[in-house]
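S.K.: what would the 3D arrangement of this be:
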Amino acid sequence: MSDDPFGHLVRDIRQYLGPSSGIDSAHVDPNHIKALMAKYTSNPKHWERYARADKTRGYTRNIVDNVNGKANLILIVWNPAKGSLIHDHADAHCVMKILKGNLTETVYHKPESGDTSVHPLEVKQETVYHPDEVTYISDQIGLHRVSNPDPVEPAMSLHLYTPPNAAEFGFHVYDERTSKSSFVPPQY
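M.R.: Numbers count the residues shown, from 1 in each chain. Here you go, the predicted model:
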């Protein structure tokens, strides 16, 4: 077997997305990407070099690979009892694998385009994911927030975003109480 299983996962993802333009292509199946990630068994020795954390923030995004310019593979370190804002994925797809700890994903119904009424976002589902579990979200499924429920230990997850729209064009965050969105420009 391989002496660098994490490196092989990155290579397999690169190989799979190589001839396409990311998951948007008709011949690329998000379930195949999920299967590639599920096949990898997390071991901190494989990915700890990417797990840098800024303790002053809720989470830290660490680039693992820009996959052929068609996707971003990012390791996120979630500080204890912290999480993301409610956000969309800028018409991209996101496959997430839990590497360490547990993460709570709360999925919300996305407000209709042009809806100007003020109302709370409606929760679709809430799921706690454990190490080596894999999930998928896109704007067609809804908005989401990811958080680390552990009050002491950080959690780590691996995310594949394809195409890398949020990094290139920005994305939106949403107010849970009003459902109003705010644009977040790309941050270089």
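S.K.: helices and strands around the top helix by length along the chain, which ones?
M.R.: With secondary structure taken from DSSP state H, the chain has its longest helix at helix 5-17. Applying 3 or more Cβ pairs under 8 Å, 6 or more residues apart in numbering; DSSP states H and E, one finds that helix 5-17 contacts helix 30-39, helix 44-47, strand 59-67, strand 71-78. Just so you know, the C-beta spots here come from the backbone N, C-alpha and C atoms, and that holds for glycine as well.
S.K.: can you list the weak-confidence ranges in the chain?
M.R.: 1-2, 19-27, 188 (pLDDT under 70).
S.K.: which parts of this structure are strands?
M.R.: 59-67, 71-78, 86-87, 93-100, 103-108, 123-129, 134-138, 143-147, 155-162, 171-174, 181-184 (DSSP state E).
S.K.: out of these, which is closest to Asp115?
M.R.: Asp115 lies closest to strand 181-184 among those, at 10.2 Å (Cβ to Cβ).
S.K.: show me what the most centrally placed residue in the chain is bridged to.
M.R.: Nearest residue to the geometric centre of the chain (Cα atoms, centre = their mean): His159, 4.1 Å. Taking DSSP bridges, one obtains Ile74, Met96 as the residues bridged to His159.
S.K.: surely it touches Ala92?
M.R.: No: the pair His159 / Ala92 is not scored as a contact, 10.6 Å apart, by Cβ atoms under 8 Å.
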